[in-house]
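J.: Fold the following and give me the result.
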Amino acid sequence: MSDGPLPQWCENTCVVCPAQVLGPGRFDVVDRPGREYAYDPSVGWRVDRDGVAVCVHPYRVGLAPGRYASVGEPLPPLDAPAPLPTAAALELPDDVADLEGWLVGQLRVVSSNSLAAAISRAERAALQRFPDRDVVAAMRRVLAVELTR
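T.: Presented below is the predicted three-dimensional model:
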């Protein structure tokens, strides 16, 4: 178990993800954001009800969901392909803080030939719920990384 993050995590994960600071096995990974995984500003990432650090985007961190820190589940191979977003993770979030993760998920489930259409669909859907400035800012951040993948 490494103390620090993997090099790719700083670019691939949310700025409030424990993977920005903690190494593999030092946080849990769950399928999607939820009220039970609240952001704790005192530590700078989401935690579960017991205070364990939690990543809510397995497809961004590249680890399958697992209770690695809280229960000691063994880590999958760190060079394994990142899991794809689940149907639940592809539902438009209620909180703008989860918009970037949702956008990444939308782009990860389409082929490169369908990327432009997926970007357009995601933008239209996001604009139905969130202010224009938030959607544009999230899309800029996400596309800067995802289009280079």
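J.: Leaving out the residues flanking it, which one is nearest to the spatially most central residue of the chain?
T.: By Cα atoms, centre = their mean, the chain has its centre lying nearest to His57, at 3.0 Å. With sequence-adjacent residues excluded and distances taken as Cβ to Cβ, 6 or more residues apart in numbering, His57 is closest to Gly101, at 4.6 Å. Every residue, glycine included, has its C-beta placed from N, CA and C.
J.: One more: Asp31?
T.: Pro65 (5.2 Å).
J.: And that neighbour, how close does it get to Trp9?
T.: 16 Å (Cβ to Cβ, to the nearest Å).
J.: Count the neighbours of Val43 for me.
T.: 13 (other Cβ atoms under 10 Å).
J.: Next, work out how far apart the residue nearest to it when sequence neighbours are not counted and Leu22 are.
T.: Leaving out its chain neighbours, the residue that sits closest to Val43 by Cβ to Cβ, 6+ apart is Ala53, at 7.2 Å. From Ala53 over to Leu22 the distance is 6 Å, taken as Cβ to Cβ.
J.: for the longest helix along the chain, packing partners?
T.: As assigned by DSSP state H, the longest helix anywhere in the chain is helix 132-146. Contact here means 3 or more Cβ pairs under 8 Å, 6 or more residues apart in numbering; DSSP states H and E; on that basis helix 132-146 packs against helix 99-108, helix 115-127.
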